[in-house]
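Colleague: I need the structure of the sequence given here:
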Amino acid sequence: MLDYFEQRQPEVTTELNFGSAFQLIVATLLSAQCTDERINKVTPALFAKYPDAHAMAQATEEDLLEYIRSVSYPNSKAKHLVAMAKMIENDFRGEIPDNTADLVKLPGVGRKTANVLQAVWFNKPTLAVDTHVYRVSHRLGLVPKTANTPLKVEEYLMKHIPEEKITRAHHWLLLHGRYVCNSARPKCEKCDFESFCPKLLEGSKVAKG
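Modeller: You can find the predicted model right below:
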């Protein structure tokens, strides 16, 4: 599978648009339970007004709501963004930390977002497990049933994927889940793994055929 992806998508990265580490962490935080397409429509105006942590730290939650009202959970995300920007300014001197321990201290930033930032911006071998990566990993039998949390999936995949491919593997699995192995209606007829996919759909919305 890794060879297949590497031949067809040798260079792959996030579909979110950003111009700095701060903008990437903002876009990733906003993308939770929301499509990248929607976030990319919202962030140009948001980043034009608040391009960095210093600028966003001066904003109020109501200020940000004017820009992110159309995303999922806008109120809680606005609250997190303001608090995150202030912490970056006050605790990290305006710089985005490059390690998980510090990143997850930021309001609204969990392990997945921290891993995305480290992989995409700092080019570290981290693997973020979102709903797509989690679903595809189980359906294709890439992880055992005992890997029943995002962290366990991350740890298992990290053990079995060569370090130089880890950052890209996140995007390969994510994009496969987003465009082919959908949650409710997987496009099995368009999947090149159809001939050997075990279709482990237990607990899935998809009924076994």
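Colleague: what about the helices in this structure?
Modeller: Remark: helices assigned in the chain by DSSP state H are 2-8, 21-30, 36-49, 53-57, 61-68, 74-91, 100-103, 111-120, 131-139, 150-160, 166-179.
Colleague: Tabulate those (CSV), appending mean pLDDT.
Modeller: CSV is the format used below for these (pLDDT from 0 to 100):
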stretch, mean pLDDT
helix 2-8, 93
helix 21-30, 97
helix 36-49, 97
helix 53-57, 97
helix 61-68, 97
helix 74-91, 97
helix 100-103, 96
helix 111-120, 95
helix 131-139, 95
helix 150-160, 96
helix 166-179, 94
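Colleague: Which one of the ones you listed lies nearest to Lys199?
Modeller: Evaluated over the helices of the chain, closeness to Lys199 peaks at helix 131-139, with 6.5 Å, by Cβ to Cβ. Heads up, the C-betas are built off the backbone N, CA and C, glycines and all.
Colleague: who's in contact with the closest one?
Modeller: With contacts defined as Cβ atoms under 8 Å, 6 or more residues apart in numbering, helix 131-139 is touched by 127, 129, 142-143, 145, 147, 150, 153, 157, 170, 173-178, 181, 183, 186, 197-201, 204.
Colleague: Now, of the residues you listed, which are buried?
Modeller: Neighbour counting by 16 or more other Cβ atoms under 10 Å classes 127, 129, 142-143, 147, 150, 153, 157, 170, 173-178, 181, 186, 197, 199-200 among the contacts of helix 131-139 as buried.
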